[in-house]
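[1] Provide a 3D model corresponding to the input given below.
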Amino acid sequence: MTDAVSARDPEANIHPLRRDRWAAWVTMIGACVVLVVLIITAFYSIQAGDRISRSAVHAVAAARDRQFVAWLGERDVQADLIRSTSIFSEVYRRWRQTGDSAARDLLLSQLFEYGQRTGFSDVILWDLKSERAWSATGHSPRLGPKLRLSARQALESAKLVHYGPYSQDGGGALLDFIVPVSDPTDRTLIVMRMNASEQMAAYLMRWALPELPVEIQLLRRDGDSVVVLGAVGRRSGMAAIQRIPLANRERLCVRAFADPARQGELLDGLDGVGVSVVGVASPIPGTDWLLMTKVDRAGFDANAFRHIPWPLIVGLLTLMVLVVLAGCILQREMLIARRREREAQSERLLALDLLSAIAESSEEAIFARDLEGRYLLFNRVFCEFLGKTPEELRGQGYRTLYPPSMVVQVEKMDHQILAENGVFTQEELIETALGQRVMLMTRGPLHDNAGRIIGIFGIARDFASHMRIEAGLQERSALRDTLASIVESVPGALHSLLIRPDGGGCIPFSTPMVDDLYGLSRQDLARDWATLTARIHPEDIARLEKVLRDPQQGSRQFCEVFRYRHPARGWRWIEGWATPKQESDGSFLWHGFFMDVTDRVEGEEALRESEERYRLLFERSSDAILVLEPSDWGIVRANPAAVAMFLAADESHLVSRSFWDYSPPEQEGGLPSTVRAIELMNMALRFGSCVFDWHYRRLDGEVFPATVRTTRFDLLGKPVIQCSICDVTHRKRQEQELIRSRAKLRELTAHREKAREDERAYMAREIHDDLGQYLTALRMETNLMGMLLTEQNGEAVKRLASMKELIDHLIAETRRVIARLRPVALDLGLVSAAEWLAADYRERMGVDCYLEVTDAEELDLDDDQATTLFRILQECLTNVIRHARAKRVDIRVSVSGEVLCMEVYDDGQGFDPARVRAKKTFGLMGIRERVLIYGGSARIDSQIGEGTRLTINMPIKPRGDA
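    Okay, the predicted model is just below:
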């Protein structure tokens with residue numbers, strides 16, 4: 001009972017001291033969490049303050065950089081304006097041309113007045129050629145060697161050059177703007193001098209940060225020291241300019257020049273008075289200056305730490321609130337514990353009453369006893385088993401109620417329960433007032449609030465009745481599982497169909513497969529089946545209604561196939577078997593099985609169509625078709641085309657005979673037809689198909705060629721071979737005619753080429769013998785005429801020289817024409833002609849053309865063959881010049897046995913041979929045809945961007961062979 005109460009309210013068992021410890025631990029954990037949060041907050045506050053300080057310094061540095069660059073650019077424009085203004089240029093030109101000192105003084109006064117208005121303190125006119133300088137203020141200007149070096153740089157670059165800042169005699173700093181005059185031949189300069197201490201300091205002091213005092217310095221490296229233009233800001237009392245040795249690495253200004261890569265980043269170091277500072281040094285474009293923006297390290301860190309106090313205050317307040325809250329929670333928990341203890345007591349009393357009522361209503365014997373064995377709780381059934389009244393049992397122990405043998409058994413069981421603190425269930429034979437009974441006994445310990453064992457409970461069931469009930473339930477469950485497995489395994493749906501006398505109907509019972517079969521809800525079909533009948537095909541519904549609703553049909557079996565329009569799958573074929581049962585009210589109740597047979601119906605239809613198509617193809621095919629049995633390679637079927645091809649009377653004359661019975665004894669190559677046929681048929685069986693050429697013999701003895709395509713397929717589980725035979729007699733004749741026609745064309749081509757070469761040789765001889773002699777005679781006549789003319793005939797001599805040049809050019813061109821028509825070197829052999837052709841192309845076309853001869857130096861070819869190879873080589877070189885864009889051509893002629901090999905390779909742009917073959921160009925086709933005349937072969941290898949290689953292999957035809 002106490003266990004039940006504890007289970008309902010787990011917090012009721014928590015002791016107040018445990019609650020105190022729990023509150024203390026919560027307070028300690030909360031304090032630790034607050035401290036950790038305080039530390040993290042302080043750390044991130046310092047980091048955030050540091051980032052804010054860095055951003056502020058970078059922002060001021062960027063603003064100062066932009067301001068100073070703008071100020072310097074304005075000064076550069078004002079200084080450079082001098083040489084582009086006509087007012088100064090006219091006075092300067094008059095001074096330089098006349099040397100008038102008045103003009104010079106006027107120029108100086110105008111420049112000084114301009115400088116005063118633009119912020120310059122002095123203007124110096126400096127003539128480097130005469131080493132003279134004039135100052136607008138009248139004093140002798142100081143022109144040091146470094147200033148002279150800057151002046152020469154300005155003259156060389158013809159641009160404005162800065163010099164300084166540098167110290168002046170009276171203190172402060174000066175900055176010079178050196179402007180060359182516009183005339184590059186004149187070595188005169190205008191030096192615009194500015195008091196940098198006044199101008200820059202006044203200009204840069206306009207910026208400051210209230211929480212982070214900022215100092216600005218202008219830095220320049222001068223040899224082994226750094227020139228610092230006076231600090232502007234809080235330390236304005238320092239010297240306007242000072243020099244810091246580069247060896248003093250602790251100074252911030254020195255570190256800015258020591259590591260140029262870190263310019264623009266935040267640096268730390270010491271200032272002039274030894275105070276730790278941080279700053280940013282930014283280069284000024286167009287100068288060798290750095291603009292340093294710095295702040296004291298103490299102020300920088302103070303700005304970073306100034307946000308810490310507020311998070312600390314908030315954290316301490318939070319910790320105080322947490323402690324107060326923990327005290328409040330502790331008091332509240334103690335109050336709740338007392339209230340729950342009172343509630344638990346009342347609930348325990350209520351639970352005892354409830355437990356007694358439950359025990360009395362149970363059909364099982366229930367009892368509870370203390371550790372002494374006295375019964376404290378028992379129900380009516382337990383009293384009946386012992387044959388005692390409740391008054392007789394209350395306070396009695398089991399030792400006085402049970403026989404000695406049973407007492408030993410109970411004590412042994414109680415000892416095991418107390419030792420293992422567990423619940424045990426077992427069958428026991430117990431003597432009861434009703435006789436011996438086999439009881440299913442469950443015993444276990446009873447616990448108090450502290451978990452201590454205070455007693456033992458027990459529940460006893462009559463095992464015989466329990467077994468009977470359990471056996472019945474198991475049998476019903478097994479039967480239900482069997483039926484469910486049968487229903488799930490069938491490929492369709494089981495359902496009943498009730499046809500009422502008024503014509504209506506419904507499906508009162510159905511398995512879950514009905515939802516998938518019809519696509520309709522079983523609940524809807526149980527009320528009315530009108531939605532189902534509306535989806536049956538109109539041609540089938542009348543037949544089905546006649547069978548289902550006609551009382552005369554009630555004793556017959558229902559076995560029908562009908563079409564049904566499924567909501568999701570469209571038209572489906574449904575097949576059903578059902579048995580009727582007539583009810584007392586005249587309605588019919590059909591019990592049956594329905595399934596989707598669409599795949600079977602469509603498969604049967606497809607099979608019928610396939611058989612019909614095969615029959616049509618087999619009977620109407622123009623090719624002869626034979627079906628062979630692999631066991632003996634006998635013919636089992638033959639189509640009408642096969643009957644006609646072999647001149648048989650009908651199909652019966654062909655079947656039952658072997659495939660090779662309609663073949664000559666041997667095939668091409670002398671192989672027996674039987675051996676060859678078995679080999680080819682086995683290939684068809686192994687690979688599924690085979691195509692080959694075959695010679696057949698008709699029944700009248702005529703042999704004809706054919707192409708046979710064999711295909712393996714299964715017929716009734718056995719493999720058969722189908723042979724499609726195509727008579728190729730006409731095609732073979734056409735092929736032979738085509739071969740003879742091509743041979744004649746090649747002979748005609750060879751004859752045409754020979755006639756063309758003979759014509760070229762004849763034209764070359766005629767040009768050489770006739771035109772060549774006339775040109776030679778004309779050249780000799782002009783030479784004689786030149787001897788007759790004297791120097792007084794100057795114009796005639798010139799005309800005669802021009803005529804000689806024209807005649808010489810004509811003679812050279814005639815020789816080239818003769819060489820193109822019939823090279824003389826061709827009479828010396830193919831190698832000599834190839835050497836001449838390579839040299840000619842190298843000279844005329846500017847392409848590196850080289851010839852390599854291997855074992856062909858003494859080659860003596862037939863004239864026609866040599867001429868053909870020469871013309872092919874000539875056409876290859878012409879194609880290279882026209883299309884390849886090559887820089888080098890290699891020609892290789894070699895002899896291997898009785899075969900001549902000629903290779904031509906270029907390093908040009910290449911092409912795609914497949915595209916060229918598709919275009920059917922005559923150039924490459926002509927090369928192949930010329931080579932085929934002599935029984936040779938031509939191969940072209942080329943890729944785009946990788947050049948082209950032509951390889952010709954040709955049997956050698958020696959000179960003099962017919």
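
[2] if you go through the stretch 751-900 of the chain in chain order, where are the helices?
    Applying DSSP state H, counting those that start in this stretch to the stretch 751-900 of the chain gives helices spanning 772-788, 794-821, 830-844, 863-879.

[3] Just name the most buried of the ones you listed.
    Highest mean neighbour count among the helices of the stretch 751-900 of the chain (mean count of other Cβ atoms under 10 Å): helix 863-879, with a mean of 20. Using the backbone N, CA and C atoms, a C-beta is placed for each residue, glycine as well.

[4] right, and Y375 touches G395 too?
    Yes - applying Cβ atoms under 8 Å, one finds Y375 in contact with G395, separated by 7.5 Å.

[5] who's more crowded, these two?
    Neighbour comparison, Y375 and G395: the larger count goes to Y375, with 22 against 9 (by other Cβ atoms under 10 Å).

[6] And the more buried one, how far from Y774?
    Counting by Cβ to Cβ, to the nearest Å, the gap from Y375 to Y774 is 160 Å.

[7] related to what we said a few turns ago, of all the helices of the stretch 751-900 of the chain, which one comes closest to L628?
    helix 863-879 (53.7 Å; Cβ to Cβ).

[8] CA atoms only: put the closest one into CSV for me.
    Extracted in CSV, the C-alpha atoms of helix 863-879 (Å, rounded to 0.1, in the frame of the first residue of the first chain):
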residue,chain,number,x,y,z
ASP,A,863,59.5,5.7,-115.4
ASP,A,864,55.7,5.6,-114.9
GLN,A,865,55.9,4.5,-111.3
ALA,A,866,58.6,7.1,-110.5
THR,A,867,56.5,9.8,-112.2
THR,A,868,53.4,8.8,-110.2
LEU,A,869,55.3,8.9,-106.9
PHE,A,870,56.8,12.3,-107.9
ARG,A,871,53.4,13.8,-108.7
ILE,A,872,51.9,12.5,-105.4
LEU,A,873,54.8,14.1,-103.5
GLN,A,874,54.3,17.3,-105.5
GLU,A,875,50.6,17.4,-104.6
CYS,A,876,51.3,16.7,-101.0
LEU,A,877,53.7,19.7,-100.8
THR,A,878,51.2,21.8,-102.5
ASN,A,879,48.5,20.8,-100.0
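
[9] Which secondary structure elements does that helix sit against?
    helix 729-766, helix 830-844, strand 899-906, helix 922-933, strand 948-955 (3 or more Cβ pairs under 8 Å, 6 or more residues apart in numbering; DSSP states H and E).

[10] Kindly format the C-alpha coordinates of stretch 142-156 as PDB.
    Listed next in PDB are the C-alpha coordinates belonging to stretch 142-156 (Å, rounded to 0.1, in the frame of the first residue of the first chain):
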ATOM      1  CA  ARG A 142      70.600  78.300 -48.200                       C
ATOM      2  CA  LEU A 143      71.100  75.600 -50.900                       C
ATOM      3  CA  GLY A 144      72.500  72.400 -49.400                       C
ATOM      4  CA  PRO A 145      73.700  69.300 -51.200                       C
ATOM      5  CA  LYS A 146      70.500  67.300 -50.500                       C
ATOM      6  CA  LEU A 147      68.400  70.200 -51.900                       C
ATOM      7  CA  ARG A 148      70.600  70.200 -55.000                       C
ATOM      8  CA  LEU A 149      70.000  66.500 -55.400                       C
ATOM      9  CA  SER A 150      66.200  67.000 -55.200                       C
ATOM     10  CA  ALA A 151      66.600  69.900 -57.700                       C
ATOM     11  CA  ARG A 152      68.300  67.600 -60.200                       C
ATOM     12  CA  GLN A 153      65.600  65.000 -59.800                       C
ATOM     13  CA  ALA A 154      62.900  67.600 -60.500                       C
ATOM     14  CA  LEU A 155      64.800  68.700 -63.700                       C
ATOM     15  CA  GLU A 156      65.200  65.100 -64.900                       C
END
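
[11] which residues sit against it?
    126, 128, 133, 160-163, 166, 169, 176, 178-180, 187, 189, 191 (Cβ atoms under 8 Å, 6 or more residues apart in numbering).

[12] same thing but 6 Å
    Outside stretch 142-156, the residues within contact range by Cβ atoms under 6 Å, 6 or more residues apart in numbering are A133, V161, Y163, I178, P180, L189.

[13] Need the max-distance pair from those residues.
    Greatest spacing in the contacts of stretch 142-156, by Cβ to Cβ: A133 and V161 (16.3 Å).

[14] Among those two, which residue is more densely surrounded?
    Neighbour count, other Cβ under 10 Å: between A133 and V161, V161 has more, with 21 against 16.

[15] What residue, apart from its backbone neighbours, is nearest the more buried one spatially?
    The shortest distance from V161 to any residue other than its chain neighbours is 4.1 Å, reached at A154 (Cβ to Cβ, 6 or more residues apart in numbering).

[16] After the helix or strand where the one you found lies, which helix or strand is next? Please name it.
    Applying DSSP states H and E as the criterion places A154 in helix 145-157. For helix 145-157, the following helix or strand on the C-terminal side (DSSP H and E) is strand 161-167.

[17] now the angle between helix 145-157 and that following strand, please.
    Orientation of strand 161-167 against helix 145-157 (axes from the mean of the first three to the mean of the last three Cα atoms, to 10 degrees) gives an angle of 170 degrees.

[18] Name the residues that touch the helix or strand following strand 161-167?
    Per DSSP H and E, the first helix or strand lying C-terminal to strand 161-167 is strand 173-180. By Cβ under 6 Å, 6+ apart, the residues outside strand 173-180 that reach it are 79, 82, 150-151, 154-155, 158, 160-161, 163-166, 168, 189-194, 196-197, 229, 240-241.

[19] Can I have the buried ones of those residues as a PyMOL selection?
    Only the buried entries of the contacts of strand 173-180 go into this PyMOL selection, using 16 or more other Cβ atoms under 10 Å:
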select buried, resi 79+82+150+151+154+155+160+161+163+164+165+166+168+189+190+191+192+193+194+196+197+229+240+241
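
[20] OK, contacts around Y934?
    Neighbour list for Y934: Q865, M954 [criterion: Cβ under 6 Å, 6+ apart].

[21] What is the neighbour count of L316?
    Neighbours of L316 using other Cβ under 10 Å come to 12.

[22] which neighbours does the helix or strand where V720 lies have in its sheet, and in what orientation?
    According to DSSP H and E, V720 maps onto strand 718-727. Within its sheet, strand 718-727 is paired with strand 624-629 (antiparallel), strand 703-715 (antiparallel), according to DSSP bridges.

[23] ok, residues contacting the shortest one?
    Translated: strand 624-629. Contacts for strand 624-629 (Cβ under 6 Å, 6+ apart): 618, 635-639, 641-642, 645, 659, 720-725.

[24] Closest one of the contacts of stretch 142-156 to F594?
    F594 lies nearest to V161 out of the contacts of stretch 142-156, by Cβ to Cβ, at 107.3 Å.

[25] Give me the distance between that closest one and V227.
    In this view, V161 and V227 are 17 Å apart by Cβ to Cβ.
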